[in-house]
Each structure stands twice: as C-alpha cells, then as structure tokens.
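[1] Structure, please.
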Amino acid sequence: MNPITPRLFDTHCHLNSAQFDGCRRDVIQRARADGIEKMVVIGTDFQTSQHAMALSRVHHDLLCAAGVHPHEAESCTVEQLGLFASYYDTRMCHAIGECGLDYFYEYSDREKQKEVFNWHIEQSQRTKLPLVIHIRDAWEDALACLRRYNQHVGVIHCFSGTTEQAAACLALGFYISIPGIVTFKNAADLRETTKHVPSDRLLIETDSPFLAPIPHRGKKNEPRFVRHVFEAVCELRDVSASEHQAFAQQLWDNSCRLFNVNKLQ
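    Reported below is the predicted structural model:
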C-alpha cells in the first residue's frame, strides 16, 4: 500500500456470496493491495452465516456477522436460531445480523419479520454484540422495535433514508453506514444526509457484490471499491486532501469501536 493512502474498513460486504466463487481469494487480495485492511463479511441466513464465520477463521482481516435477513425470516427454523444463539455466546462472530425489516419486497410476512427482528434485538441485548440492521420501506415499524427495547448498539447498514430518519437512528445511538449509492446521480437525499451525520457516527461500506459505486456501476462490486465511497463522502463533507488521513482514521476508529476491534491492528 502507498504510505500516503489512507487505510479503510469495509463494514459490510458479502464475500460469502456465490458471485465470488472462483475469484474470492483474488478479490480479497485486491482489497488488501488497495489499503482495505478490514472487511466485515455478512451472513443473511444460516448457510451464509456459517460461510462468513469460516472465512473469518481463515483470513485475519475478515470479521463476520451472523443472522437472518428479513427476506429469510419465514424460512428460518427454531433449531437454527438456537445455533445462532450459541455462536453469539461463544463470540464466533463480531456482530448480529444482517437483520431488520423489508416491506419493499415482502418476501416474508411482516409479522414474521418483526418476530425474527425482535429475536435478534434480544440477542444483542443479552450478549452486547452490535446489530447490523437492514431497513427498507419499514422505518416506522423498525424504529418502534428498536425503541421498545431501548436498543442502541449497532449500525443502520446501507443507509438510504431521509435526514429525519438518520436523526432518529442517531438519537438512539446507532451508527450510519454510507454505501456506494451515495455516488449515484439520483441519490440527492442520501448525499444531503451524508453531509450532516456526525463524524464519530459515520461508517462506509460496499454491500458487495451489490450496488457498485460510480465508476463501476453495473459491474460486480468488490470491497476495494469502498475507496470510491470514501472519496465521495470526503467531497460531500468538504474534507480537503490534507485532511483525508485524519478523516479516514476517524472512520477506522468508528468501525473498530462498533465491532470491538483493536484499532491498532
């Protein structure tokens, strides 16, 4: 890595996706070469969570989260939830999720989504592990669930809400993670929100292999492309070139704080 290139932390990627079969090691190496020193691999169901945990055992710079995406809420079994709980107890993962509510597609019944989301919140409260939260077209119900439990440890991943919704999440104590969507021309609301999130509550992510930022839009996303997200956020927040290192360090410290990682690693 070029010594003047800030090191970065991709707080949300799906290196366990089948889209990376056959090229996963190369993708990880490219990220390392571009100064992406930590990546959080996210599980969305039982199988992908196991894969995320396996990858984190093999690669020192990969962390993992295990949980049930709202799309998979109806297919999750009681037995699987019991195994997830044991993973949390033994700290086989750094975070709980991806979990939450998604009323855009409604691949799972809304009440079942809320039931499974509440279960994840309870596990976070019990173990003190942070939540990785997905919210789409379900802000009122998702915030109600979080407020009911007074939940405040976690991140709203791939944030695409309004400035008011960001403020509600920040008031609860959550981090806001900015994805590559911030580079899209039709993302005016997100760009405006990005300007106002407190620097100590801001994270960046790729959500790869999805949502590749410009100039790679339409292609398979990779963790190394989080640098484009970083550059876009710097531009929106008027971070000068001389301040890039300090701002990158702030994002690094935020990520390490959330995922309980020694920031010097």
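
[2] Now do D34, the pLDDT please.
    Looking at D34, its pLDDT is 96.

[3] what's the closest non-adjacent residue to it?
    Of all residues not flanking D34 in the chain, R224 sits nearest, at 4.2 Å (Cβ to Cβ, 6 or more residues apart in numbering). Every C-beta, even on glycine, is put in place using the N, C-alpha and C of the backbone.

[4] What segments of the stretch 1-150 of the chain are helices?
    24-33, 46-58, 78-89, 110-127, 139-148 (DSSP state H, counting those that start in this stretch).

[5] So what touches the longest one?
    Outside of helix 110-127, the residues within contact range by Cβ atoms under 8 Å, 6 or more residues apart in numbering are 67-68, 70, 73-74, 76, 81, 84-85, 88-89, 96-97, 99-103, 108, 129-131, 138, 141-142, 145-146, 149, 151, 153-154.

[6] For the buried ones among those, write the corresponding PyMOL selection.
    Selection command for PyMOL covering only the buried members of those, criterion 16 or more other Cβ atoms under 10 Å:
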select buried, resi 67+68+70+73+76+81+84+85+88+96+97+99+100+101+102+103+108+129+130+131+138+141+142+145+146+151+153+154
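
[7] taking the contacts of helix 110-127 one by one, which sit in strands?
    With strands taken from DSSP state E, the overlap with the contacts of helix 110-127 comprises I96, G97, C99, G100, L101, D102, L131, G154.

[8] residues in contact with the residue of the chain positioned farthest from its centre?
    Distance from the centre of the chain peaks at S242, with 27.5 Å (Cα atoms, centre = their mean). Contacts for S242 were tallied using Cβ under 8 Å, 6+ apart; there are none.

[9] what residue ranges in the stretch 151-265 of the chain score low on pLDDT?
    For the stretch 151-265 of the chain, residues meeting the criterion pLDDT under 70 lie at 263-265.

[10] which residues of it fall in helices?
    163-172, 188-196, 226-236, 244-259.

[11] Export those to JSON lines and append columns for distance to Q19 and mean neighbour count.
    Below are the helices of the stretch 151-265 of the chain laid out as JSON lines (distance: least, Cβ to Cβ, whole Å; neighbours: other Cβ atoms under 10 Å):
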{"stretch": "helix 163-172", "distance to Q19": "29", "mean neighbour count": "17"}
{"stretch": "helix 188-196", "distance to Q19": "24", "mean neighbour count": "16"}
{"stretch": "helix 226-236", "distance to Q19": "17", "mean neighbour count": "21"}
{"stretch": "helix 244-259", "distance to Q19": "24", "mean neighbour count": "18"}
